[in-house]
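Engineer: mind folding the following:
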Amino acid sequence: MAETLTQKTTPSGFSTFTGIYSSLNPPRTLPKAPFLDLVSFLFSHSHGGHTALVDFSSSFSISYQQLQAMVQSLASGLQSIGVSKGDLVLLLLPNSVLFPVILLGVLSIGAIVTAMNPLSSQEEIKKQIDHKNPVLAFTSIDSMKKINGFGFPAIAVPENLSCVSGAFDEFFRILCCDSKPAPRPEILQTDIAAILYSSGTSGASKGVVLTHANLIAMVELFVRFEASQYEREGCENVYLAAIPMFHVYGLSLLAIGLLSLGSKVMVMNKFVIKDVVMAIDAFKVTHFPVVPPILGALIRAQAGNGCKLSSLIQVSSGAAPLSKKIINDFLKAFPHVDLIQGYGMTESTAVGTRGFNSKSLKKYTSVGLLAPNMQAKVISTKTGSCLPPGSSGELLLRGPAIMKGYLNNENATKSAINEDGWLKTGDFAYFDQDGYLHVLDRLKDTIKYNGFQIAPADLEALLISHPEILDVAVTSAEDEEAGEIPVAFVVRIPGSAISSDEVITYVAKRVTPYKKVRRVVFVQSIPRSPAGKILRRVLRNNNGGSRL
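Structural biologist: As a prediction, this is how the structure comes out:
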């Protein structure tokens, strides 16, 4: 039905007739061929790039020509040891120039990738692989012992190809496979490509099932679209990869998307601020994707030693919102750098919104405009009605990057994605009159520490297993550097004298470092709704507000 004068689309992209926000960016053409995999799509783009990946610590590099050959060789090696279409391969790896090689090699034969933080504990690894058993793991040599006993082989991966230790012989045999490649399987865009883990809108972490079509949409709507907004060619840019590639943000942008543009990706094994400053200056880094704590570290580095970072053109922040103070401090410290924010989720393959500053319009506190081909709604949490610009409610997203669903969890999938394909983000937000999205708060309980998601239910399940803890709830407290920290509210069993330090240590021994409880508050009882749901906001408000 055509819209009338009173049922129109506003400058924000909001339709007064449908209640839907449409992207103000021109649509992008996505491939329609059913038989198309991400890797073929990625390497189908021509560009003027020469060097693809560079290892910061050794300066070892992989050219684009070498990258494609290495991916094909690794794919053949995987087939030679029996890995086939539909098999799950675990990547338990820190950032390295070999991460994208392994990732793309696995995907090119139709196998499925799942990635985890290499600092994950053995308990956390077991919990994740219980959902679907991997047939193989690639991991660092330090993490090999974590995989032992799980019933599938693990291959130790060097930081780069200059390593000659015998511990990596098996990896080199697979990478340099000289057997005749097996015929490549037919891969549909609808086939599963990756299973990444997220806490979703609430509750324990769940496996997000992403297809080749989702990843292809991510490359086109996130990475290639953003590059098209600027006059500078993508192959002229140098990106610093300090955010982790096992996270959807780093995986989508640094391990996949940028490789379609010919950009140079400078890879850091871990974040160290003095090394970051050195890398930016030495390698003339032009673009730096960050999370808020990295931005804070850059500000402090500038105040401490006066670093100028003169080669930087743009810093893009994601995974968690920026405070106004950090924004203002950064713009004051580095006035020559274009600072933008973006919004995306694991469930949306990192696609959502992206900031764009022009000479006439700069909205640093916004997470940007809707990506091409994406739609949004802002829903009243009381009435469920669609809200116009300036009104806050729960953000819903729809588009080609939205996940297939949650692994082995049909109820959670139906709860997150309605029958019309709208993903409930659990975030409280509004669009302004220009179509820029502003995220205010989260309806969901997820804690974001340094950009990493922490599911309170996971920590609660661990804490309640302690023999001296009767009841427990975990919530967040604001933290200037980390964004949020996990705080445990603990009810001790009668007669127990367990201390805060003992509770913190108990958790720390069993989880990845970023998931550690940072503070413990002992309480007489945990407030709950009549249905038994923990009232986390009551806990925060009754204990000095969110800044505990």
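
Engineer: Ser316: what's it in contact with?
Structural biologist: His287, Phe288, Pro289, Val290, Leu339, Ile340, Gln341, Gly342, Arg354, Gly355 (Cβ atoms under 8 Å, 6 or more residues apart in numbering). Placement of C-beta: from N, CA and C, glycine included.

Engineer: of those, closest to Ile526?
Structural biologist: Gln341 (35.0 Å; Cβ to Cβ).

Engineer: next one: phi and psi at that closest one?
Structural biologist: Per-residue torsions, Gln341: phi -120, psi 160 (degrees, to the nearest 10).

Engineer: repeat that for Phe356.
Structural biologist: Dihedral angles for Phe356 - degrees, to the nearest 10 - are phi -150, psi 120.

Engineer: my read: it touches Gln229, true?
Structural biologist: Yes. Checked against Cβ atoms under 8 Å, the pair Phe356 and Gln229 is within contact range at 6.0 Å.

Engineer: more crowded one of those two?
Structural biologist: Phe356 (19 against 10; other Cβ atoms under 10 Å).

Engineer: just the pLDDT for the more buried one.
Structural biologist: Model confidence at Phe356, given as pLDDT, is 91.

Engineer: that one: what's it in contact with?
Structural biologist: Taking Cβ under 8 Å, 6+ apart, we find Phe356 in contact with Gln229, Ile340, Gly368, Leu369.

Engineer: any idea how far the closest residue to Asn117 other than its chain neighbours is from Leu90?
Structural biologist: Leaving out its chain neighbours, the residue that sits closest to Asn117 by Cβ to Cβ, 6 or more residues apart in numbering is Thr512, at 5.1 Å. When distance is defined by Cβ to Cβ, to the nearest Å, Thr512 is 15 Å away from Leu90.

Engineer: next one: Val507
Structural biologist: Separation of Val507 from Leu90 (Cβ to Cβ) stands at 24 Å.

Engineer: tell me the contacts of the nearest residue to Val135 once chain neighbours are set aside?
Structural biologist: Leaving aside its sequence neighbours, Val135 sits nearest to Asp87 (Cβ to Cβ, 6+ apart; 4.5 Å). With contact set as Cβ under 8 Å, 6+ apart, Asp87 has these partners: Ala111, Ile112, Pro134, Val135, Leu136.

Engineer: now the last one, nearest residue through space, not along the chain?
Structural biologist: Distances taken as Cβ to Cβ, 6+ apart put Val89 closest to Leu136, at 5.0 Å, once the chain neighbours are dropped.

Engineer: so the one you found, which state does it fall into?
Structural biologist: Here Val89 is strand, with the state taken from DSSP: H, G, I helix; E, B strand; the rest coil.

Engineer: and it, how many residues sit next to it?
Structural biologist: By the measure other Cβ under 10 Å, the count of residues near Val89 is 24.

Engineer: Leu309 reaches Ala282, doesn't it?
Structural biologist: No. Using Cβ under 8 Å, Leu309 makes no contact with Ala282, being 11.6 Å away.

Engineer: pick out whichever of those two has more residues nearby.
Structural biologist: Set side by side, Leu309 and Ala282 show more neighbours around Leu309, with 19 against 13, by other Cβ under 10 Å.

Engineer: A strand includes the more buried one, no?
Structural biologist: No. According to three-state DSSP, the state of Leu309 is coil, so it is not within a strand.

Engineer: that one: what's its closest spatial neighbour, skipping adjacent residues?
Structural biologist: Leaving aside its chain neighbours, Leu309 sits nearest to Ile280 (5.1 Å; criterion: Cβ to Cβ, 6+ apart).

Engineer: contact partners for that neighbour?
Structural biologist: When contacts are counted by Cβ under 8 Å, 6+ apart, Ile280 touches Leu240, Phe288, Leu309, Ser311, Leu312.

Engineer: measure the residue nearest in space to the middle of the chain to Ile81 for me?
Structural biologist: The central residue of the chain, meaning the one whose C-alpha is nearest the mean C-alpha position (Cα atoms, centre = their mean), is Val248 at 2.8 Å. Look at Val248 and Ile81: by Cβ to Cβ, they are 28 Å apart.

Engineer: go on, Ile485?
Structural biologist: Separation of Ile485 from Ile81 (Cβ to Cβ) stands at 43 Å.

Engineer: please parse the chain into its domains.
Structural biologist: Using automatic domain parsing, the domain parsing of the chain gives 64-187, 447-541.

Engineer: worst-scoring helix or strand of the protein, pLDDT-wise?
Structural biologist: Every helix and strand of the chain was ranked by mean pLDDT, DSSP states H and E. The lowest is helix 536-541, at a mean of 78.

Engineer: what residues sit buried inside that helix?
Structural biologist: When burial is assessed from 16 or more other Cβ atoms under 10 Å, helix 536-541 yields the following buried residues: Arg536, Leu539, Arg540.
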